[in-house]
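[1] Sequence plus the predicted model coming up.
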Amino acid sequence: MTAASPSTAPTGPTGSAGSAIAVSVAGLGRDYRDHRALSDVTFDIAGPGITGLVGRNGAGKTTLMRILAGQEFGTAGRVHVFGAPPRENDAVLRRMILVREDQTYPDLKVRHALAAAALLHPHWDDALAAELLEAYELPPDRPIKKLSRGMRTALGIIVGLAARAELTLFDEPYAGLDAVARTLFYDQLLADYTAHPRRIVLSTHLVDEAAELLDRVLVLDHGRIVLDAPADDLRGAATTVSGPAAGVDRFVAGRPTLGRTTLGAQARAVMIGRLDARDRELAGHLRLRLEDVGIQQLAVHAAAHPDRTAPITARAL
Ligand SMILES: Nc1ncnc2c1ncn2[C@@H]1O[C@H](COP(=O)(O)OP(=O)(O)OP(=O)(O)O)[C@@H](O)[C@H]1O
């Protein structure tokens, strides 16, 4: 499945190969000595889009990002980025960037780090870097080791955006950022992506905060993909139904659900599928409450079913 593509033809970094398969991951596994970090991970990223890689702590997001960026290897399966394995492949690595929250930098001043990044990334935009430097109030002459945690994070974001890499991987890039700075990041990411569509993967556990940005959502849980769907298909695709248990049972009968809990005579179920006017009328008649399930909650529900044999896809929603 591919991320939604903008309707206009991509320009800039995506070039004429904008719709080619950029990332192809098939049956990827990663075993550490006593732990399986990734298991049978399979997905593609084709044209431009912003993919949210969502999962709890330890789900395997960083491991997957590092493998995509050639900084780590899989122990099973296959990873191709721009048609070739990324590890030790300069031609592929020049076309991508990984920004991590715990990025370490050599002992440099901010402006030196930006100059070094400009040399590495062929689509680097100096004007954007300067604009972002000002927006995040980063002093260009300050040594990186003297920056605060939030300032170091901002530097990673500036490098990640100004690089305009064809494949941009942001691994939870907002550690230490306050809510104002995070909003700035989301706004700038969206503005720059709109002007220069490219493939962006953003790992996060603040899904609802970033939900508006996302074209596609991939949920990892215990190293497996448990949900892979276009974000538009997830909006309004599931509903929490609560009220008298008999009414809830009648309402959800014959429909797919993601779980049901009972408390005395009351029940609560998460139902997959869009509701129409008749459903809403029936819910009123049965005195049930209906609430949209956000993407964050859907991810939690998907992860609560680790025995599922295949990821939930748009088809199931
Ligand atoms: N070098 C390593 N050796 C052993 N186990 C590792 C190693 N790196 C990661 N793991 C394990 O693999 C699992 C996945 O880790 P990973 O860092 O990919 O998760 P994550 O989804 O990025 O988590 P978080 O949101 O907390 O950053 C974890 O159980 C972690 O302990």
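    All right, it came through fine.

[2] which bits of this protein sit near the ligand?
    Where the chain comes near the ligand, counting by CB under 6 Å from any ligand atom, the residues are Tyr32, His35, Ala37, Gly55, Asn57, Gly58, Ala59, Gly60, Lys61, Thr62, Thr63. Backbone N, C-alpha and C define where each C-beta goes, glycine included.

[3] Let's have those residues in a markdown table, adding pLDDT.
    As requested, these are exported to a markdown table (pLDDT from 0 to 100):
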| residue | pLDDT |
| --- | --- |
| Tyr32 | 94 |
| His35 | 92 |
| Ala37 | 96 |
| Gly55 | 89 |
| Asn57 | 88 |
| Gly58 | 91 |
| Ala59 | 92 |
| Gly60 | 95 |
| Lys61 | 95 |
| Thr62 | 94 |
| Thr63 | 96 |
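
[4] Quick one: the strands in the stretch 1-150 of the chain, in order.
    23-32, 35-45, 49-54, 76-81, 96-100 (DSSP state E, counting those that start in this stretch).

[5] Starting from the shortest one, tell me which strands it pairs with and how they run.
    This points to strand 96-100. Here strand 96-100 has these sheet partners by DSSP bridges: strand 167-171 (parallel).

[6] what angle do the strand it pairs with and strand 49-54 make?
    30 degrees (axes from the mean of the first three to the mean of the last three CA atoms, to 10 degrees).

[7] ok, of the residues of the chain next to the ligand, which come out buried?
    In terms of neighbour count (16 or more other CB atoms under 10 Å), the buried residues within those are Ala37, Gly55, Ala59, Gly60, Lys61, Thr62, Thr63.

[8] Next, give me the two most distant ones among those residues.
    Ala37 and Gly55 (11.4 Å; CB to CB).

[9] does the residue lying closest to Gly55 once chain neighbours are set aside belong to a helix or a strand, and which?
    Closest residue to Gly55 apart from its sequence neighbours, by CB to CB, 6 or more residues apart in numbering: Leu220 at 3.8 Å. Using DSSP states H and E, Leu220 sits within strand 216-221.

[10] Using CSV, write out every CA atom in that strand.
    C-alpha atoms of strand 216-221 as CSV (Å, rounded to 0.1, in the frame of the first residue of the first chain):
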residue,chain,number,x,y,z
ARG,A,216,-0.8,7.0,6.1
VAL,A,217,-0.5,5.3,9.5
LEU,A,218,1.7,2.3,10.2
VAL,A,219,1.3,0.8,13.7
LEU,A,220,4.1,-1.3,15.1
ASP,A,221,3.6,-3.5,18.2
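
[11] Make 16 the starting number, not 1.
    That works, and once the first residue is 16, the last one we named lands at strand 231-236.
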